[in-house]
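Return atomic coordinates for the entry below.
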Amino acid sequence: MKLYHMVSTRSVRPRWLLEEMNLDYELIALSLADIQKEDYQKIHPLAKIPVLIDEGVKIFESSAICIYLGDRYIEKGFAPSFDSPARAFYYQWLFYASTTLDVPIEKYMFLTMPEIPENLLPFAKKNNLTQTEILNWFDRVCQPLAETLASKQYLIEDRFTVADIIVSGILFWALGLKMLENQPILKEYATRMTNRPAFLRANLN
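Next up, the predicted model:
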């Protein structure tokens, strides 16, 4: 199994899961220059990371990789069983994280970190919202998560799953951008999740 990875990107999330699962894998660390090379563009059609190659499977998109691994190794307990009612809420939070929670964080990053290369932030110049507007948007989308986590430690069946990796992996960026100052529940959750030893190993280099 190979994971194509670059530091401080979404590829930390599948690497985190691989570390949690204690699976053997080959880490292929890339730079910005590496992903622009023709050889890598044959691996990922948009020259982005991560990419996982597992026997006959080649898959990109960090959330998709994590979902794939959770189901591929379901006996390790990082995803609800296929016949569990909890599976519905598992899908809910996975999609909520990627389609609702991630968007205002990315917009805020575009606005506050203009030094990031535009090939990593391709919509930077399309952002016409103020910082205050984005933070208000972010606080609104945080509300359902905060309500869910007010009375439990984890999102699904009150145990650590792929959903926590995706959600807290996204919130980790918000934490670094100081977007969680009005969200004490999510700030505590993101801090607790990203202090797990497997995350710390995945985020090293």
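
rest of the way, CA atoms for contacts and neighbours
OK.

Check the residue of the chain most remote from its centre and give its pLDDT.
Here the chain reaches farthest from its C-alpha mean at Glu38, the gap being 26.5 Å by C-alpha atoms, centre = their mean. You'll see Glu38 listed with a pLDDT of 88.

Then Gly169 would be within a helix, right?
Yes. Counting by DSSP: H, G, I helix; E, B strand; the rest coil, Gly169 is found in a helix.

Pretty sure it sits against Arg13.
Yes. Taking contacts as C-alpha atoms under 8 Å, Gly169 lies within contact range of Arg13: 6.3 Å.

List the buried residues in the biggest helix by length in the chain.
Using DSSP state H to define each element, the chain has its longest helix at helix 131-149. Neighbour counts over helix 131-149 (16 or more other C-alpha atoms under 10 Å) mark Ile134, Leu135, Phe138, Asp139, Val141, Cys142, Leu145, Ala146, Leu149 as buried.

elements contacting that helix?
helix 102-112, helix 184-193 (3 or more C-alpha pairs under 8 Å, 6 or more residues apart in numbering; DSSP states H and E).

Need the residues that contact it.
100-101, 104-105, 107-108, 111, 155, 179, 182-183, 185-186, 189 (C-alpha atoms under 8 Å, 6 or more residues apart in numbering).

Report the mean per-residue pLDDT for it.
So the average pLDDT for helix 131-149 ends up being 96.

Lovely, talk soon.
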